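# Next comes the sequence, and after it the predicted model I'd like to discuss.
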Protein chains: 2
Amino acid sequence: MNFADKLTAKCLATKSVTCVGLDPRPEKINKLFGINKETPLEKIAAYYEEFCKNIISAVCEIVPAVKPNIAFFESLGVPGVAAYAKVCFFAREKGLLVIGDVKRGDIGSTAEAYAYGLLGNREGKDRLSNHDAITINAYLGSDGVKPFIERGSHMAQGMFLLVKTSNPSSAELQDMILKDGGTVAERMASLVSDWGKGCIGQGGFSSVGAVVGATHGDELAKFRKLMPRTPFLLPGYGAQGAGADDIVGAFLGGGKGGVVNASRSIIFAYEKVGSDDYAAAAQTAAEEMNADIKNALEKAGKGF
Amino acid sequence: MNFADKLTAKCLATKSVTCVGLDPRPEKINKLFGINKETPLEKIAAYYEEFCKNIISAVCEIVPAVKPNIAFFESLGVPGVAAYAKVCFFAREKGLLVIGDVKRGDIGSTAEAYAYGLLGNREGKDRLSNHDAITINAYLGSDGVKPFIERGSHMAQGMFLLVKTSNPSSAELQDMILKDGGTVAERMASLVSDWGKGCIGQGGFSSVGAVVGATHGDELAKFRKLMPRTPFLLPGYGAQGAGADDIVGAFLGGGKGGVVNASRSIIFAYEKVGSDDYAAAAQTAAEEMNADIKNALEKAGKGF
């Protein structure tokens, strides 16, 4: 049983491929909790933690995974990182798969340190290793990736490597055409597919996944072909513009293929409904996203 | 006065372009401090801090900069990150430029959170923002880089973007040839050069720097040509195999061009001399590296 098996089982159990991105953005949280310039860092970090835990409690029975982004926590320094660790621990306790959006990457011997810290097996509320998977930037090549694969395999943990990101300027490097054909992102896709061949699970999918922006709906079938056994993490749903019909090309049916991430459109849904009950609004938004995707997948013959 | 001006001034003042990499590797530190499986995380983190501070005190008058790599600290979880913050704070107090080797990167709105956290202006021993510069992975393109440039400019802070990394497998993506000519790394070099044009300092160099492995000595002149106003961070000196003659192509004379990083060959030099006084051994090793590079630069007509 590898990470992909766990992911598929969880998607089937919840009949959902929705991943809720936990991005406590200051411009929202400050207003919600009355944070001002005098609020001490520890207090702000506690609010971030409270916000994320309430979202987690609201969605833990209806989605398979959450994706906390460590950037927002790091922006508060050490107290923020401590809050991040506690949020991950709490999400695991609630039975969710935790995809740590950390986008780490370094050369071999240093990647080993990251791998130990982020996927290692000395768990606890104080550690950063309560991840089921993390995101990785593999610009440095295989020696920066292999330590994560080795370390992750011990504990059925996985990873999602950046292939084609959801943002507009991803084209500047990732869409450059190579002399031998294909783009930089497609070359990365081939590398990711190769690196994952040694850790295929019972369901035929690897523990080495790929980040492919849901915003590139027309390219998803192509990337699926290049990476047939790779679980996809598809960010960009909702606030970044992608919808349910865009992500169909990434999936295979039976809950297989990966997860679709939405952050802002779920966790800040309270703004749209004009309520302060952000947890209830997030739950409703997640249910709506589930329904939209379920319909789109069923229409394409790829239902659960 | 931008980051590059500060860097050049500091290189001139110390007559050195040596950057000491602070990589507290467990296989060394455990032995040195008698750490075992029962040692609590907080205690290990305190040893990491002690080790780095002693190295800093030993080299702070003879080199311009240190480069702590956060991976080793993150591997200890929250106590490790707290130690990292204190090491950065201490190095700044000792007058060193601090290059945080964090290799962060994300899409625009999230990169803004990283930028605020790592280059932001709310300083303190508990923050992660006591950096003069950080390393960035720009695989995601310009919208992931601009927040760092904007945030950094406020405080004369800078950054080094990964262009051509020092590790063997860097070739797998970075050396791929593009249809329009040049490699992926050369394309990244052009982007880095462009992104840095808006923040050129008094000395003609940008606050947007590039990481180019010292291990690719034969390519340094080419990268210098592609990035004429870009300070270089050249890792890979010493343990990874590069020597003084390899790095000459990156420099211009008068202390201009960047810094050369060595980690293991300096901080673990005590092993070679058969002493436990790691600080004294590091000082001697840094002095030797200074002398070797000074000679090589002078020979090439690029002296201080």
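Perfect, I can see it now. Residues are numbered from 1 along each chain as shown, chains lettered A, B, ... in the order given.
# What residues does residue A:140 make contact with?
Applying CB atoms under 8 Å, 6 or more residues apart in numbering or on different chains to residue A:140 gives the contacts A:105, A:106, A:107, A:111, B:162, B:165, B:167, B:169, B:170. To be clear about C-beta, it is placed using only N, CA and C from the backbone, and glycine gets the same treatment.
# From what I see, the third one and residue B:162 are in contact.
Right, residue A:107. No. Contact between residue A:107 and residue B:162 fails when scored by CB atoms under 8 Å: they sit 10.3 Å apart.
# quick revisit: closest to residue B:37 out of the contacts of residue A:140?
Here the nearest of the contacts of residue A:140 to residue B:37, counting by CB to CB, is residue A:111; it sits at 23.2 Å.
# Where does that closest one sit: helix, strand or coil?
In terms of secondary structure, residue A:111 is helix; the call rests on DSSP: H, G, I helix; E, B strand; the rest coil.
# any idea how far residue A:171 is from the residue nearest to residue A:177 when sequence neighbours are not counted?
When the adjacent residues along the chain are set aside, residue A:177 lies closest to residue B:179, with 4.3 Å between them (CB to CB, 6 or more residues apart in numbering or on different chains). Here the distance between residue B:179 and residue A:171 works out to 15 Å (CB to CB, to the nearest Å).
# Please say which of the two ends up with more neighbours.
Under the neighbour definition other CB atoms under 10 Å in any protein chain shown, residue B:179 and residue A:171 were set side by side, and residue A:171 has more, 17 against 13.
# Roughly how far does the more buried one sit from residue B:191?
Spatial separation of residue A:171 from residue B:191 under the definition CB to CB is 12 Å.
# Which neighbours do these two have in common?
residue B:141.
# quick one: the helices in chain A?
Taking DSSP state H, the helices of chain A run over residues A:3-14, A:26-33, A:41-59, A:70-74, A:78-93, A:108-119, A:146-154, A:171-174, A:184-195, A:220-226, A:264-267, A:270-273, A:278-299.
# Most tightly packed of the ones you listed?
With neighbours defined by mean count of other CB atoms under 10 Å in any protein chain shown, none of these is more surrounded on average than helix A:70-74, at a mean of 27.
# Show me the contact partners of that helix.
Helix A:70-74 is contacted from outside by A:23-26, A:45, A:48, A:80-81, A:83-84, A:87, A:100-102, B:104, B:106, B:110-111, B:113-114, B:117-118, B:128, using CB under 8 Å, 6+ apart.
# returning to that earlier point: now the helices of chain A in TSV, please, with extra columns for mean pLDDT.
Shown next, in TSV, are those (pLDDT from 0 to 100):
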stretch	mean pLDDT
helix A:3-14	97
helix A:26-33	95
helix A:41-59	97
helix A:70-74	98
helix A:78-93	97
helix A:108-119	93
helix A:146-154	91
helix A:171-174	97
helix A:184-195	98
helix A:220-226	96
helix A:264-267	97
helix A:270-273	94
helix A:278-299	97
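# between those helices, which one is nearest to residue B:132?
Put simply, out of these the one that sits nearest residue B:132 is helix A:70-74, at 17.8 Å, with distance taken as CB to CB.
# can you pull the alpha-carbon coordinates of that closest one into PDB?
These are the backbone C-alpha positions of helix A:70-74, laid out as PDB (Å, rounded to 0.1, in the frame of the first residue of the first chain):
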ATOM      1  CA  ILE A  70       3.600  26.600   4.700                       C
ATOM      2  CA  ALA A  71       4.400  30.000   3.100                       C
ATOM      3  CA  PHE A  72       1.600  31.700   5.000                       C
ATOM      4  CA  PHE A  73       2.800  30.200   8.300                       C
ATOM      5  CA  GLU A  74       6.500  31.000   7.600                       C
END
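# What's the separation between the residue of chain A positioned farthest from its centre and chain B?
Residue farthest from the centre of chain A, counting by CA atoms, centre = their mean, is residue A:38 at 33.0 Å. Look at residue A:38 and chain B: by CB to the nearest CB, to the nearest Å, they are 12 Å apart.
# Could you pull up phi and psi at that residue?
Geometry field for residue A:38 lists phi and psi as phi -90, psi -10, criterion degrees, to the nearest 10.
# where does it sit relative to residue A:44, distance-wise?
Counting by CB to CB, the gap from residue A:38 to residue A:44 is 11 Å.
# swap in residue A:227?
In this structure, residue A:227 and residue A:44 are 39 Å apart, going by CB to CB.
# contacting residues around the residue lying closest to residue A:219 once chain neighbours are set aside?
In this structure, residue A:219 finds its nearest non-sequential neighbour in residue A:164, 6.8 Å apart by CB to CB, 6+ apart. Residues touching residue A:164, when contacts are defined by CB under 8 Å, 6+ apart, comprise A:170, A:174, A:185, A:188, A:189, A:211, A:212, A:213, A:216, A:219, A:223.
# same thing with residue A:241?
If a contact means CB under 8 Å, 6+ apart, then residue A:241 has residue A:215 as its contacts.
# and if you look at residue A:27?
Contacts here follow CB under 8 Å, 6+ apart; on that basis residue A:27 touches nothing.
# any idea how far residue A:90 is from residue A:56?
When CB to CB is applied, the distance between residue A:56 and residue A:90 equals 6 Å.
# And residue A:143, by the same measure?
Taking CB to CB as the measure, residue A:143 falls 34 Å from residue A:90.
# before we move on, what about residue A:149?
For residue A:149 relative to residue A:90 (CB to CB), the value is 27 Å.
# rewinding a little: is the residue nearest to residue A:177 in contact with residue A:178, as I believe?
Yes. In this structure residue B:179 lies within contact range of residue A:178 using CB under 8 Å: 6.4 Å.
# Would you confirm that residue A:56 contacts residue A:91?
Yes. With contact defined as CB under 8 Å, residue A:56 reaches residue A:91; the gap is 5.1 Å.
# Strands of the stretch 101-250 of chain A, start to end?
Shown for the stretch 101-250 of chain A, the strands assigned by DSSP state E, counting those that start in this stretch span residues A:133-136, A:158-164, A:208-212, A:232-234.
# Can you convert the ones you listed into JSON lines and add a column each for mean pLDDT?
Listed next are these as JSON lines, based on pLDDT from 0 to 100:
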{"stretch": "strand A:133-136", "mean pLDDT": "98"}
{"stretch": "strand A:158-164", "mean pLDDT": "98"}
{"stretch": "strand A:208-212", "mean pLDDT": "98"}
{"stretch": "strand A:232-234", "mean pLDDT": "98"}
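# can you put those in a markdown table and add distance to residue B:236?
Putting the strands of the stretch 101-250 of chain A into a markdown table (distance: least, CB to CB, whole Å) gives the following:
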| stretch | distance to residue B:236 |
| --- | --- |
| strand A:133-136 | 22 |
| strand A:158-164 | 24 |
| strand A:208-212 | 27 |
| strand A:232-234 | 32 |
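# Ok, which of the ones you listed comes nearest residue A:199?
strand A:208-212 (6.4 Å).
# What pairs with that closest one, parallel or antiparallel?
Taking DSSP bridges as the criterion, strand A:208-212 sits next to strand A:158-164 (parallel), strand A:232-234 (parallel) in its sheet.
# Show the pLDDT at the residue lying closest to residue A:206 once chain neighbours are set aside.
When the adjacent residues along the chain are set aside, residue A:206 lies closest to residue A:196, with 3.3 Å between them (CB to CB, 6+ apart). Model confidence at residue A:196, given as pLDDT, is 97.
# Would you check how far apart residue A:135 and residue B:107 are?
Look at residue A:135 and residue B:107: by CB to CB, they are 12 Å apart.
# hmm, I was thinking of residue A:195
Using CB to CB, which is the criterion applied here, residue A:195 is 23 Å from residue B:107.
# again with residue A:29
Note on residue A:29: its distance to residue B:107, by CB to CB, is 19 Å.
# Next: residue A:84.
19 Å.
# What lies in contact with stretch A:219-228?
Stretch A:219-228 is touched from outside by A:163-164, A:185-186, A:189-190, A:192-193, A:196, A:210, A:212, A:214, A:232, A:234, A:246-250, A:257, with contacts defined as CB under 8 Å, 6+ apart.
# For the strands paired with strand A:208-212, could you give me CSV that also reports distance to residue B:18?
As requested, the strands paired with strand A:208-212 are exported to CSV (distance: least, CB to CB, whole Å):
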stretch, distance to residue B:18
strand A:158-164, 33
strand A:232-234, 41
